[in-house]
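**Student:** What follows is a predicted protein model with its sequence.
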Amino acid sequence: MLSFNNVTTLNEFIIGRQSEFPYAKGELSRLLSHIGIAAKIVHREVNKAGLVDILGEAGQVNIQGESQKKLDVFADEHFIGALKASGECCGIASEENQDIITFEEELANDGKYIVTMDPLDGSSNIDVNVSIGTIFAIYRRLSPVGHKAKIDDFLQKGTKQVAAGYVIYGSSTMMVYTTGRGVNGFTLDPSIGEFCLSHRDITTPHSGTIYSVNEGNYFKFPEGVKKYIKYCQENDTETKRPYTSRYIGSLVADFHRNLLKGGIFLYPSTASYTDGKLRLLYECNPIAFLAEQSGGKATDGKGNRILDIKPESLHQRVPFYVGSRQMVNQAEEFIKKYDSNLD
Ligand code: AHG
Ligand code: MN
Ligand code: MN
């Protein structure tokens with residue numbers, strides 16, 4: 001693989017890995033490179049957010065009924081623009097848009113791939129200088145090339161993902177992605193404007209000591225989840241409990257920390273959100289793919305692998321348990337024991 005002064009850039013890495021897919025003609029590489037470009041543009045905007053009049057509500061309400069921030073709109077537009085410009089993407093499903101996005105241009109309709117994305121994840125953290133992210137998943141289209149993408153292209157199981165990843169706009173900006181051959185992380189060096197390979201072949205610890213959950217919802221959680229949280233808080237030196245509680249409120253940032261350090265993130269069903277809050281297509285599936293590729297696990301808490309769930313709608317929600325394999329198994333044991341009546 002090409003490298004200069006021991007630095008491997010994202011583009012060099014993507015091109016170097018292309019030979020692992022003997023039938024690939026560079027389309028996926030081009031798509032991933034364009035995502036990298038959009039990430040740099042959003043990074044630039046995130047970093048000047050405190051300096052210019054970009055903070056605050058954009059005055060619109062997205063289809064989830066949540067108020068949209070200006071950066072959500074900015075990120076959405078730039079990722080859509082980059083994907084379209086790549087010529088490899090014929091359709092997009094985004095958190096910020098009710099319906100799938102298709103294109104009139106022949107170039108785009110000749111694209112073999114569709115993308116699902118959460119352009120700005122953790123948007124409640126924008127105004128307070130806390131880490132936010134972008135999540136994406138890439139699938140091969142099912143509909144014939146040369147035509148507009150169809151809804152069925154997007155309702156594929158997570159196991160069909162060709163690639164998935166996230167960008168975290170944190171104390172540094174990173175892109176972490178997988179094409180099903182392990183997980184690699186790239187840190188943006190702003191001085192040269194390049195993502196540089198910094199975390200090669202990430203493996204997540206089998207177990208950990210961090211649990212991440214919005215405990216404000218405690219009384220709305222199923223009994224098994226309440227019992228598991230109490231288990232995390234109990235004193236037991238052998239199992240290194242009590243665990244440490246860490247919750248940022250940006251899935252990308254919470255997952256990224258636990259991926260590297262070992263831990264569990266959970267967003268269970270609650271009395272108000274019976275399917276949890278997080279969205280299957282552009283939050284849970286890509287994160288689950290990364291989790292599994294790093295040696296971790298992702299389920300709905302009821303023994304179902306996230307990647308095996310057949311989506312029925314674009315903005316479908318699902319309870320989400322993800323992280324170190326042993327911790328996810330343990331949480332599921334509690335749910336099985338105390339919530340056997342959950343369907
Ligand atoms: P988004 O900003 O894309 O709407 O996502 C927010 C999500 C996710 O990032 C985070 O894990 C979760 O919402 C936090 O929800 P609570 O505030 O209910 O804990
Ligand atoms: Mn999100
Ligand atoms: Mn979002």
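**Tutor:** Great, that's in hand. Ligands and ions are numbered 1, 2, ... in the order given.
**Student:** what is the mean pLDDT for the host helix or strand of A164?
**Tutor:** According to DSSP states H and E, A164 maps onto strand 161-169. Averaged over strand 161-169, pLDDT sits at 97.
**Student:** list the helices and strands that strand packs on?
**Tutor:** Secondary-structure packing of strand 161-169 (3 or more CB pairs under 8 Å, 6 or more residues apart in numbering; DSSP states H and E): helix 27-47, strand 132-140, strand 173-178, helix 251-261, helix 285-293. Backbone N, C-alpha and C define where each C-beta goes, glycine included.
**Student:** Quick one: closest of those to ligand 2.
**Tutor:** helix 251-261 (5.6 Å; CB to the ion).
**Student:** Could you pull out the helices in the stretch 101-250 of the chain for me?
**Tutor:** All helices of the stretch 101-250 of the chain, identified by DSSP state H, counting those that start in this stretch, fall at 106-109, 151-154, 223-233.
**Student:** Single out the most deeply packed of these.
**Tutor:** helix 223-233 (a mean of 19; mean count of other CB atoms under 10 Å).
**Student:** Buried residues in stretch 39-46, which are they?
**Tutor:** A39, K40, I41, V42, H43, E45, V46 (16 or more other CB atoms under 10 Å).
**Student:** got a list of what the fourth one touches?
**Tutor:** For V42, the set of contacting residues under the criterion of CB atoms under 8 Å, 6 or more residues apart in numbering consists of L71, F74, A75, H78, F79, P119, L120, T134, V167, Y169.
**Student:** again, 6 Å this time
**Tutor:** Shown in contact with V42 (CB atoms under 6 Å, 6 or more residues apart in numbering): A75, H78.
**Student:** pLDDT on stretch 334-341, on average?
**Tutor:** Per-residue scores along stretch 334-341 average to 88.
**Student:** if we look at it, which residues are touching it?
**Tutor:** P222, E223, G224, K227, Y228, G301.
**Student:** swap in stretch 303-310?
**Tutor:** Counting by CB under 6 Å, 6+ apart, K157, G158, T159, C284, A288, A298, T299 sit against stretch 303-310.
**Student:** Tell me the one of those nearest ligand 2?
**Tutor:** Nearest member of those to ligand 2, counting by CB to the ion, is C284, at 10.0 Å.
**Student:** can you list the helices of the stretch 101-250 of the chain in CSV and add distance to ligand 2 and mean pLDDT?
**Tutor:** Below are the helices of the stretch 101-250 of the chain laid out as CSV (distance: least, CB to the ion, whole Å; pLDDT from 0 to 100):
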stretch, distance to ligand 2, mean pLDDT
helix 106-109, 25, 94
helix 151-154, 17, 98
helix 223-233, 21, 98
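**Student:** what about E312, is that helix, strand or coil?
**Tutor:** coil (DSSP: H, G, I helix; E, B strand; the rest coil).
**Student:** okay, now it: neighbour count?
**Tutor:** 8 (other CB atoms under 10 Å).
**Student:** What of E234?
**Tutor:** Other residues close to E234 by other CB under 10 Å number 10.
**Student:** can you check H147 too?
**Tutor:** 12.
**Student:** Identify the residues contacting it.
**Tutor:** Per CB under 6 Å, 6+ apart, neighbours of H147: N109.
**Student:** what's the pLDDT at it?
**Tutor:** 97.
**Student:** cool, L83 as well?
**Tutor:** 97.
**Student:** sorry, back to before: which of the helices and strands packed on strand 161-169 sits closest to ligand 1?
**Tutor:** Nearest to ligand 1, of all the helices and strands packed on strand 161-169, is helix 251-261, at 3.6 Å by CB to the nearest ligand atom.
**Student:** give me the number of residues near D118?
**Tutor:** 29.
**Student:** Make a markdown table out of the buried residues of stretch 39-46 and add distance to ligand 1.
**Tutor:** Output for the buried residues of stretch 39-46, formatted as a markdown table (distance: CB to the nearest ligand atom, whole Å):
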| residue | distance to ligand 1 |
| --- | --- |
| A39 | 16 |
| K40 | 20 |
| I41 | 18 |
| V42 | 13 |
| H43 | 17 |
| E45 | 16 |
| V46 | 13 |
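**Student:** ok, now which ones touch K220?
**Tutor:** T270, A271.
**Student:** and it, how far is that from ligand 3?
**Tutor:** 22 Å (CB to the ion, to the nearest Å).
**Student:** Then Q18?
**Tutor:** 30 Å.
**Student:** can you give me the strands for the stretch 51-200 of the chain?
**Tutor:** For the stretch 51-200 of the chain, applying DSSP state E, counting those that start in this stretch gives strands covering 57-61, 67-69, 89-94, 101-102, 113-121, 132-140, 161-169, 173-178, 183-189, 194-199.
**Student:** Quick check: which of these is buried the most?
**Tutor:** strand 113-121 (a mean of 28).
**Student:** export the helices of the stretch 101-250 of the chain to TSV and tack on distance to ligand 1?
**Tutor:** Formatted as TSV, the helices of the stretch 101-250 of the chain follow (distance: least, CB to the nearest ligand atom, whole Å):
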stretch	distance to ligand 1
helix 106-109	25
helix 151-154	18
helix 223-233	14
